[in-house]
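In: using only what follows, build the 3D model:
(chains A and B)
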Amino acid sequence: VPCRAEASTLAAVAALYRSSGVAFLGVDVRDTTASALAFTRSFGITYPSVTDPSSAVTLDFTSVVPIAGTPTTLVIDRTGRIAGAVFGSVTYPELTTILAKVTGKAADEAVSR
Amino acid sequence: MTDVRVSETDPFEAAVPDRDGRRPGNPGPAGGSFGTADWLKWAWRQLTSMRIALVLLFLLALGSVPGSMLPQEGTDPAGVQQYFTSHPALAPLLNHLGLFDVFGAPWFAAIYLLLFASLVGCVVPRTFRLAGSARTLPPRAPRNLARLPASAGYATALSPAQAAEVAARVLSGHGFRLRRPEPAVLAEPAGAPASGSGPGELEDNWVSAEKGYLREVGNLLFHLALLGVLVSVALGGLFGYKADRLLVQGTSFADTQTGLDEFYPGRLVTAADLPPFTITLNKFEASYITSGAQRGQPNSFDAQISYTASPGGPVSTDRLEVNRPLSVDGAKVYLIGHGYAPEFKVTDARGQVVFDGAQPFISGTTGNFLSQGVVKVPGAEPEQLGFSGVFVPTAVDIDGTLESVFPAADNPVVSLIAYAGNLGMNSGPTQSVYQMDTAGMKQLTAAPQLLRAGQSLKLPDGQGTITFTGYQQWVSLAITHDPGQLPALICGMAALGGLLLSFVVRRRRVFVRASTGPQGTTVHVGGLARTDASGAFEDEFASLAAELRSAHQAAQDQGVPPSAPAAPIRHEGE
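Out: Predicted structure coming up:
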């Protein structure tokens, strides 16, 4: 399942870019709280998550970025603009490339600070 | 569709085309030297003929039949899967023919487009012809009116000119379009040399009258409306969409692609075009007949919902019933099904709650909502857990087999088989929430375990616990938007109206000729109707002839020459 496949990538990149001021937020679409908590436990996800059983967050984003399915990764820059979007399972290079552009720091620089 | 068209020359005369739209004397493809252009012309004439249009219409109807006989990808993908497993030899063949997606199949599109071309090729020239025929005047009155299918004759004391004038007034009063001899001929000087035997005064006192143009209007309306129906259907296919969502009581969903279970957009629709409503299912009630032969049959369904048309908007409440959809922002939300979602709470070997919620189960064909489903617990540690189960709303043990004897949840029971291992969810494609891949799992319980509400099943070796905490009901909703629906209805009604008009209205002509005979002025009246299956024209003609006669009589009795005609009369050359 794509969202389980990308979970460890997200957890790793979140840890990498935390010091660069990149905040990760998980949106748990169409799920129960118990399952979501179990999910974050299994994958060692430390960034905060919100539960969105009715896809309300997706709806709010529709006019900006139509979210076609789960998982979707959106990168929002300091000014609040969408700097990048990945539909489907995100890979390490995809996400770090976008984040490097937004923060001005490549993945190896980000961790060395 | 050119069997009843108005020919360019005169619809009443010989050039009326045969049923294939060929004119007499127009050679078919069997003719001697027949070039590519001739072949194309012949093919086009065939395509736009009534016969081919009817064949295409029939094929369109025939082609839709498998759509209702076989499960379709668009509406029932699970049914298609099932068909593949139950008919392994036949299904691939049918699939190859596109019979599981009839309305998307190339051959269906071909029929559709050919019919469209046929109609366009028929309607466009017809429109021009009608416009032309609306402007052309009736032909001159034939010399011998007695040869016409309906005719009458009588003498009058009026002069031929007066008689013609009176006749023109009467016919004009009946809504006929008139044609009179050219004024130039009337004003011809008496001494001028007459051409031939000279039409002279004998030829000059006649009236041609024609009526029933609405027939062609109706005919045209029918064809245009048929075209409109096709366009409307295409409109729905391009700009409409269909979507499904299964909604458990007490939960809500937003009309977005992630909020929908299935989304079938039209060719020019994207998820961004979905109206941004949110629907919450507050309560669902189904009642069933409790006695008699109909016992267990549904009595009524009632889904109480609240919804907002857009985020942050006011909350409205409504009830969905079968065939009573909710209309919101151009979309219609239909209640199309319901079922049970048993609620479970699962703790893993470490005592952590790893699942707590309702899991929709799907009822099979056996009736009484004996429903199947799976509970997947990928977050359980150290091993993932999975349960395949059956929910029985009114459980009765019949010879060791669990049966449901009533669709309402009077005695709900679940029967579970527990598995532990790898659910195969950490990689690979999206899985169905109604199916579980047990390839990487081992069965923990030998036999299915029965649980009543509140009862728990302890898994062997301290692997965890599952508790059947209760149940919720779910409804399945179909969300549709078809912008072609209303136009299709209007066009359908217009087509019917046009057809009626073209059946009821007859195109008919009446001629009056007044001439000087041995006994003074003789008035001849003749008439013909183009298609007169009902024979009503005979009566109409008889009453018209009688009216003309009495009008002539009245004018004669008054002894005054009739004044200028009340209605304007169009003269040739105007």
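In: which other helices and strands does the helix or strand B:V374 falls within contact?
Out: Using DSSP states H and E, B:V374 sits within strand B:371-377. On a contact count with 3 or more Cβ pairs under 8 Å, 6 or more residues apart in numbering or on different chains; DSSP states H and E, strand B:371-377 meets strand B:331-348, strand B:353-358, strand B:362-363, strand B:384-392. (Each C-beta comes from the backbone N, C-alpha and C, glycine too.)
In: who are the packing partners of the third one?
Out: Looking back up the chat, that one is strand B:362-363. Partner elements for strand B:362-363 (3+ Cβ pairs under 8 Å, 6+ apart): strand B:331-348, strand B:371-377.
In: one more time with 7 Å
Out: Contacting strand B:362-363 under the criterion 3 or more Cβ pairs under 7 Å, 6 or more residues apart in numbering or on different chains; DSSP states H and E are the following elements: strand B:371-377.
In: off-centre distance for the strand it packs on?
Out: Strand B:371-377 sits 41 Å away from the centroid of its parent chain (Cα atoms, centre = their mean, to the nearest Å).
In: B:I305 against B:K283, yeah?
Out: No: counting by Cβ atoms under 7 Å, B:I305 stays clear of B:K283, with 8.7 Å between them.
In: between the two, who's got more neighbours?
Out: Legend: neighbour count by other Cβ atoms under 10 Å in any protein chain shown for B:I305 and B:K283, higher for B:I305 (22 against 12).
In: doesn't that one lie inside a strand?
Out: Yes: judged by DSSP: H, G, I helix; E, B strand; the rest coil, B:I305 forms part of a strand.
In: name the residue of the stretch 1-150 of chain B that lies nearest to chain A.
Out: Of all residues in the stretch 1-150 of chain B, B:P77 sits closest to chain A, at 16.6 Å by Cβ to the nearest Cβ.
In: how many residues are close by that residue?
Out: Look at B:P77: counted by other Cβ under 10 Å, it has 13 neighbours.
In: how about B:H96?
Out: Other residues close to B:H96 by other Cβ under 10 Å number 9.
In: also B:G132?
Out: 11.
In: measure it to B:Y213 for me?
Out: Distance of B:G132 to B:Y213, computed by Cβ to Cβ, to the nearest Å: 12 Å.
In: give the contact list for the residue most central in space within chain A.
Out: By Cα atoms, centre = their mean, the mean C-alpha position of chain A lies nearest to A:T73, the distance being 4.9 Å. For A:T73, the contact set (Cβ atoms under 7 Å, 6 or more residues apart in numbering or on different chains) comprises A:A85, A:V86, A:V90, A:L95.
In: looking at the residues you listed, which is nearest chain B?
Out: A:A85 (13.5 Å).
In: so the closest one sits against A:P71, correct?
Out: No: the pair A:A85 and A:P71 does not pass the contact test of Cβ under 7 Å, sitting 11.3 Å apart.
In: ok, those two, which is more surrounded?
Out: More crowded of A:A85 and A:P71, by other Cβ under 10 Å: A:P71, with 22 against 17.
In: you'd agree that one is up against A:R4?
Out: No: A:P71 is not in contact with A:R4 according to Cβ under 7 Å; the separation is 9.1 Å.
In: related to what we said a few turns ago, look at the residue nearest to the centre of chain A and report its pLDDT.
Out: Looking at A:T73, its pLDDT reads 93.
In: for B:A303, list each beta-bridge partner.
Out: Here B:A303 sits in beta bridges with B:F284, B:L320, going by DSSP bridges.
In: contact partners for it?
Out: B:L281, B:F284, B:R319, B:L320, B:L335, B:V475.
In: recalculate using a threshold of 10 Å.
Out: Counting by Cβ atoms under 10 Å, 6 or more residues apart in numbering or on different chains, B:A303 touches B:247, B:249, B:279, B:281-286, B:318-322, B:324, B:326, B:333, B:335, B:338, B:473-475, B:477.
In: still on that earlier bit, I'd like the helices and strands packed on strand B:371-377 as a markdown table, with mean pLDDT and mean neighbour count appended.
Out: What follows is the helices and strands packed on strand B:371-377, written out as a markdown table (pLDDT from 0 to 100; neighbours: other Cβ atoms under 10 Å in any protein chain shown):
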| stretch | mean pLDDT | mean neighbour count |
| --- | --- | --- |
| strand B:331-348 | 94 | 21 |
| strand B:353-358 | 94 | 21 |
| strand B:362-363 | 89 | 19 |
| strand B:384-392 | 93 | 24 |
